[in-house]
Each structure stands twice: as structure tokens, then as C-alpha cells.
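**Student:** just need the structure, nothing else, for what follows:
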Amino acid sequence: MIPGCIRMKFLDVILFQFGARGFQMHVPSPALTVGDKGCEALLQAHLRLEGTGAASGVAGVVEAPGGRRYLLLEGHHGDLHAYVRARRRLREPEARRLFRQAARAVATCHEYGVVLRDLKLRKFVFADEARTRLRLESLEDAVIVENDDDKLTDRRGCPAYVAPEVLRSGRAYSGKAADIWSLGVLLYTMLVGRYPFNDAEHASLFAKISRGLFAVPEGLSPRAKCLIRSLLRKEPSERPYAEDVSLHPWLSKPLRLHTSTSGSRSSCQDQIVPELSINPQQD
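**Tutor:** Next comes the predicted model:
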């Protein structure tokens, strides 16, 4: 056993220290063999984003006996889930600063054809000890899409963050729009300290998500409420594109919305969300 090895639900993370820089070795459990599609997809997603700052950089790929492949990623200083939980909720100025980075990271992923599918607080980690810079950690479960065709049919994600359309059996959905819904759950949780949709039973939770109704606390500013409602629109076509989330007045400037024959991604009307994994991955 290598010193510093810790176990996670779906990933073994072996910590190494090289000089002043830390790296993490991500080992899918069970370990993926060289040539395994899941391993190759994970590696390709990270390599696509290399140098953008949106996700942890790839420090190396280690080949091990038995055909196993280990992906070595840069180290970090804790995740956003633990940070928010320790503070119960974040004040708007701090939430704005951190969420702006999260939104930009997702926008970069979409620009490079990477759909995240399992977007949640725990996916974001701090790149610095002062905990001011965020980036995505592992891109496990992410898929690469080509030519703006982001239609997906498989059901993945953490239950509390999953979008209503993902729950509709047998129907294709926009992977990017589903990521935007998850961003809305993330922002709501940062500002409110709980998930917009919550229930101990998955069936009840999914029913609440499918209805898309939620309440936004009065203590939030009008612009924060508007952004939450924009991201958590039940109709996918009414949600903003990732590249335009940063343009919302709460973050900086006017918001450009999707256009669609079935509706336009915009209007701020009340709706609500929690944390689940359709592959039963809990955060």
C-alpha cells in the first residue's frame, strides 16, 4: 500500500508529492484497462481541456502490470461541497466570485465539446491554498460531442442535480442544457444551503424534479433569484447557454438566451431542485 492512499466511492485516489507540487492518481474502481473506452474517454476529455484552466491538468499516465492505466492529475486544496457545507451557505459576494468561475469552467467544457453529465459541487476543487480559484476535478462520466450535436440518451448524474428531461425514459435530451440545470442546483445550494429539490426517496425526489416547482428564499437579491430561475427552467430550450451565464446581471452584464421553436430560454418564473445519482452515486 502506498502511503497516503484513501478510498472513495467510485475512485481510488493515491496521493503523491513531487517537490512542491502535489498530484493525484485517479484509479477507476474497478481499474480500467488500457484501451477501455471509459478510460480513453476520461483521458481525452482532460486532454481536450489541457491548458484552459477549466479542469485539473494531466500530470501523466502510468501504465501498470495487468494492463491497468492510472491517470495522474494535479493536486487540489479541497472541494466546493465541503466548503459550502462547513459554512452552511455562502453570502452573495463570495458565491458570485466562486460561481462565476464554475460557470466559466462549464462554458469552456461546452466550447471544447465536453458535456459533464455529473455536474455537482463536489466536482469543483480549489486550485490554491487560499481557496480563491476553482476548477473541475476529474471529468469522469463526461462525454465528448462533435459538431454541436449534444443529444444523449443515457441517464447519469447525481439525483439531486439531475434535470427533468433526463428522467424522461426513452427520450433524447440536450446534454449541455442538462449541465445548465445542474449549474442552477449548484448555485441554489451555495446561496440557500440546501438543495432546491430534496427527498429521502428517489422516486419522490424525481417526481418533484419532474414538476420543476421550487421556492426561492426572500433573503436573496432580485438578480440572484432571476439567475437561479433562469438556470432552473423546466423547459431545456429556455435555459441560457453556458457561455452566456456569465453575462447575467447578477454576474456582470445582460443575458442572451437560447432561441427555439418550442420556446426561448429566459423568463424568471418560480421553479425548484437536490443531490442524487441515477447511477446511484451520492455526492
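**Student:** so who does residue 171 touch?
**Tutor:** Applying C-beta atoms under 8 Å, 6 or more residues apart in numbering, we find residue 171 in contact with 153, 165. Bear in mind the C-beta positions are built from the backbone N, C-alpha and C, glycine included.
**Student:** and the strands in this structure?
**Tutor:** Secondary structure of the chain (DSSP state E): strands at 5-7, 11-18, 21-28, 58-64, 68-74, 114-115, 124-126, 134-136, 143-144, 151-152, 173-174.
**Student:** dump stretch 190-201 to CSV, keeping only the CA atoms.
**Tutor:** Extracted in CSV, the C-alpha atoms of stretch 190-201 (Å, rounded to 0.1, in the frame of the first residue of the first chain):
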residue,chain,number,x,y,z
MET,A,190,-24.4,27.7,-2.5
LEU,A,191,-26.8,30.6,-1.7
VAL,A,192,-29.5,28.8,0.3
GLY,A,193,-27.6,26.0,2.0
ARG,A,194,-29.9,23.2,0.8
TYR,A,195,-31.0,21.6,-2.4
PRO,A,196,-34.0,23.1,-4.3
PHE,A,197,-35.5,19.6,-4.5
ASN,A,198,-34.9,17.1,-1.7
ASP,A,199,-36.5,13.8,-0.6
ALA,A,200,-35.1,10.7,1.1
GLU,A,201,-36.8,8.5,-1.5
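**Student:** just the buried positions in it, please.
**Tutor:** Neighbour-count burial for stretch 190-201, counted by 16 or more other C-beta atoms under 10 Å, picks out 190-192, 195-199.
**Student:** nearest to residue 212 among these?
**Tutor:** Set against residue 212, the nearest of the buried residues of stretch 190-201 by C-beta to C-beta is residue 197 (8.8 Å).
**Student:** gap between residue 89 and residue 95?
**Tutor:** Separation of residue 89 from residue 95 (C-beta to C-beta, to the nearest Å): 8 Å.
**Student:** name the residue in those two with the higher neighbour count.
**Tutor:** Counted by other C-beta atoms under 10 Å, residue 89 and residue 95 do not tie: residue 95 has more neighbours, with 21 against 16.
**Student:** right, and that one touches residue 190 too?
**Tutor:** Yes - the pair residue 95 / residue 190 is scored as a contact, 4.7 Å apart, by C-beta atoms under 8 Å.
**Student:** and for residue 89 and residue 95, which residues touch both?
**Tutor:** Jointly contacting residue 89 and residue 95 under the rule C-beta under 8 Å, 6+ apart are 190-191.
**Student:** show me the shaky parts of the protein.
**Tutor:** 1-39, 56-61, 63, 67-69, 253-283 (pLDDT under 70).
**Student:** list phi and psi for the residue nearest to the spatial centre of it.
**Tutor:** Closest to where the C-alpha atoms of the chain average out (C-alpha atoms, centre = their mean) is residue 119, at 2.0 Å. With angles defined as degrees, to the nearest 10, residue 119 sits at phi -80, psi 130.
**Student:** and residue 97, what does it touch?
**Tutor:** Taking C-beta under 8 Å, 6+ apart, one finds residue 132 in contact with residue 97.
**Student:** nearest residue to residue 225 in space, please, no chain neighbours.
**Tutor:** Distance criterion C-beta to C-beta, 6 or more residues apart in numbering; nearest residue to residue 225, sequence neighbours excluded, is residue 216 at 4.8 Å.
**Student:** quick one: the one you found and residue 227 touch, right?
**Tutor:** No - if you go by C-beta under 8 Å, residue 216 and residue 227 don't touch, sitting 10.2 Å apart.
**Student:** so how far is residue 140 from the closest residue to residue 137 other than its chain neighbours?
**Tutor:** In this structure, residue 137 finds its nearest non-sequential neighbour in residue 125, 4.6 Å apart by C-beta to C-beta, 6+ apart. For residue 125, the distance to residue 140 equals 13 Å [C-beta to C-beta].
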